[in-house]
Every structure is written in structure tokens, then in C-alpha cells.
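Student: Pasting the sequence and the predicted model now:
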Amino acid sequence: MNPQLQNAATTASTVSRMNVDDKRLINCQAVDVNQLCPIKYHWAWEHYLNGCMNHWMPTEVPMQRDIEQWRSGVFTDDERLVVMRNLGFFATGESLVGNNLVLAIFRHVTNPEVRQYLLRQAFEEAIHTHTFQYICESLSLDQREVFNMYREVDSIAGKDEFVMSLTADILDPDFHTRSVQNIQRFLHNLIGFYVIMEGIFFYSGFVMILSFHRRNQLTGIGEQFQYILRDESIHMNFGIDLINGIKAENPSAWTDQFQREVIEMIDTAVGFELQYAQDCLPNGVLGLNAELFDAYVKYIADRRLERIGLPRRYHTRNPFPWMSETIDLAKEKNFFETRVTEYRSSSALQW
């Protein structure tokens, strides 16, 4: 071989190996984002595999019993309000998360294994949106009413507008993450969607709907919410790993002032969620009331703060300890005694 060509090939091979070692979550200019292997961030690949094992579709879940109960008049107006408000929030909340992933987060993440999971998560958000359409169709609900609540119900609009505001900066075509200030803006977005939207806002709704399921009511909807909760647990854990990874690789962005801003942001989110709980439960149902949700929202907010390296703030106790049962992904059958189990492969599904 021509010595110059041989030297060029050797140099290219060396650079390629060095580039793999230099993989970074953001601002990695040296590595082609299409080069998946060798994998550096094994936590991202593990989340991807867990997501695949948890695959499901809403149309697998029978809704006949839910339809009969919904039409029977067994539910009070207050109970129907809880169901409708939750469907209204989740119906567009899942779309907001999916759009943020595709339009805002994906292009700024420069690691292929992390992008692999983001693609999986985006598909799951589409499944969740499909779920609420399927529920509305099954129960013969006014789909316009449900899917338009984010415009018409103040407590839902407030939460959605809050997280949407965190996306505005990074949707700018000229936005980049090469400065400390912009890395902080990107972290604001990640914390807003993974810690707040998926880690706090979604969890009140899970408690409300699964409380029906515990009474053997709306079991089809409850089963679908269990699947969604399992997905969201993985989403949140992935997002927190991503946030902590970016912090570790860019310590100059995690300033004391920025940490105070994050705590203030979570304080604001807790306020929005308490307003939502009061709106859903003006009179209390199913043994639930706004006071219990005050303690619960603050309890899970403390857990989220700790996961990103910040101190607990509220120090409340969990009034719904049974929720931990359905968050456990490893069990084969949970206390609801339904068919929700951990999928291990597509052969676990019945077509």
C-alpha cells in the first residue's frame, strides 16, 4: 500500500477509536451520532430494552365492562368529573411530551444510544395519546370536549402552559448548547418535562384513576393506566439519568443560583398540581380529597428533588403507599389482580 494512504488509514482508524471514547451526551462534535457501538452510556441502552419489554397497545384491553358501568349510572357527578378531568389532562399532556422530544430534545442530544431511547419514548407517547382516544371512543365521550380541555379548563391550561414555556427557547433554530447559559436552558427543559411533567404532574392522575380500579370499577381504563404508569416510570428514570449525566459532564452549569431556580420551578409546579387536585376533587370522592393530594404531591416532589441532587423541601408522608405496588416493574402480578404483567417479548401478546 502507498505509505501515505497507509498512514491516512491508520490516522483515520485512531481518530475513530478516539471519537468513540469521546462520546458525550451533548456538544459531541467528533462522533457520528449514527455510531451506536461501542456503547458508552449503558443506562440509556438498558432503559431502551426495558421499554421494549414493556410494549403494549390500548386495543388489547377489553372495555366492555367499563362501558356498561359508565352507562349504568353507578357513578356520581363528582366521580365522573374526576375521570373527565384526568382524561382531559392526559389527552394533550402526552402529546406535549412527544412533541417536545421530537422537536426540542432530540436534535440537541449528540449520543446515539440516548437517541435510541428517545425514539422509543416518542413512540410510547403516541401509544398513550392513542389510549385516550380509544377510551373516549369506547365510552362514547365527546372527544372534542376531552381533547380541548387544555384550552378551556384553567387548572389543566396552567400546567400545560407552564411546561410549554420551557420549550420556547430551545425550539429556536439558532439555539445551541455550547454555552453555560444555554446548557442551563436545556436542563430547564429536561427538568420541566421529565421531573415535573412526567414525575409530578402525571402521578396525581394515576392515583385518581387507579383508585377506581382498586374498587373494581373501570378496570379496563385502570389496566391501561397501569401500563402507562410503567412506561412513565421508565421515562422519568431515563430523564433523571440524562439530567444527572449532563450535570456531571458540564459541572459549570450546575451553579448554586441555577439550583435555586430549579427549586423555585418545582415549587411553582407543586402549586399548579394542587390547584388541579382541587379542581378534580371539589367535594372529595373515593376516600380522596385535596388535602391528601397536598401531602402526596409534596411527597413525590421531595423524591424528585433528591434524585437530581437537591435537598428535600416539604417533608410530608405518602398518604397512598399502595401506589408503590404498581410502580414495581419486576413483579409478575400486582395487587390489582389484573392481567398486567411485565412483557418479556412480543410472544407474550395475544393477537
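Tutor: Now that the structure is in, tell me what you want to look at.
Student: Surely N250 is in contact with N182?
Tutor: No: if you go by CB atoms under 8 Å, N250 and N182 don't touch, sitting 10.5 Å apart. Quick note: C-beta positions are derived from backbone N, CA and C, even for glycine.
Student: Next, the contact list for L187, please.
Tutor: L187 makes contacts with 243, 246-247, 253, 258, 262, as judged by CB atoms under 8 Å, 6 or more residues apart in numbering.
Student: how does it look with 10 Å?
Tutor: Going by CB atoms under 10 Å, 6 or more residues apart in numbering, L187 touches 26, 177, 242-243, 246-247, 250, 253-254, 258, 261-262, 308.
Student: Report the set of residues contacting both of N250 and N182.
Tutor: Common neighbours of N250 and N182 (CB under 10 Å, 6+ apart) are 26-27.
Student: Among the contacts of L187, which lie within helices?
Tutor: The helices, defined by DSSP state H, take in 242-243, 246-247, 258, 261-262 from these.
Student: Determine which two of those residues are furthest apart.
Tutor: Farthest pair in those (CB to CB) is L242 and E261. Separation: 18.7 Å.
Student: Looking at those two now, which is surrounded by more residues?
Tutor: Taking neighbours as other CB atoms under 10 Å, L242 and E261 compare with L242 leading, 25 against 15.
Student: May I have the residues that are in contact with that one?
Tutor: L242 neighbours (CB under 10 Å, 6+ apart): 25-26, 41, 43-44, 47, 105, 109, 111, 114, 117-118, 187, 190, 194.
Student: Check V74 too.
Tutor: Residues counted as contacts of V74 (CB under 10 Å, 6+ apart) are 68, 217.
Student: isn't there a helix covering it?
Tutor: No: the assignment for V74, made by DSSP: H, G, I helix; E, B strand; the rest coil, is coil rather than a helix.
Student: which stretches of the stretch 51-200 of the chain form helices?
Tutor: Remark: helices assigned in the stretch 51-200 of the chain by DSSP state H, counting those that start in this stretch are 64-72, 77-100, 112-139, 143-147, 149-152, 154-165, 180-190.
Student: State the mean pLDDT of the first one.
Tutor: What it means is helix 64-72. Averaged over helix 64-72, pLDDT sits at 96.
Student: Poorly predicted segments of the stretch 251-351 of the chain, please.
Tutor: 325-351 (pLDDT under 70).
Student: one more time with 50
Tutor: By pLDDT under 50, the low-scoring segments of the stretch 251-351 of the chain are 329-338, 341, 343-351.
Student: what does the stretch 1-150 of the chain give?
Tutor: 5, 7-16, 18.
Student: let's see 80
Tutor: The model of the stretch 1-150 of the chain has pLDDT under 80 over residues 1-22, 29-32.
Student: Kindly indicate which of the contacts of L187 lies nearest E137.
Tutor: Among these, and counting by CB to CB, the member closest to E137 is L242, at 34.7 Å.
Student: returning to that earlier point: which of the helices of the stretch 51-200 of the chain sits closest to H315?
Tutor: helix 154-165 (23.9 Å).
Student: And what about F320, helix, strand or coil?
Tutor: coil.
Student: and it, backbone torsions?
Tutor: Torsion angles at F320 (phi, psi; degrees, to the nearest 10) stand at phi -130, psi 70.
Student: Neighbours of it, how many?
Tutor: Using other CB under 10 Å, the number of residues around F320 comes to 19.
Student: likewise E152?
Tutor: 10.
Student: Return the residues in contact with it.
Tutor: 88, 145 are the contacts of E152 under CB under 10 Å, 6+ apart.
Student: Quick check: pLDDT value at it.
Tutor: For E152, pLDDT reads 88.
Student: distance of it from R144?
Tutor: With the distance defined as CB to CB, to the nearest Å, E152 ends up 10 Å from R144.
Student: got the contact list for the nearest residue to N182 once chain neighbours are set aside?
Tutor: Spatial nearest neighbour of N182, chain neighbours left out: H176 (6.1 Å); criterion: CB to CB, 6 or more residues apart in numbering. H176 makes contact with 26-27, 108, 170, 182-183, 186 under the criterion CB under 10 Å, 6+ apart.
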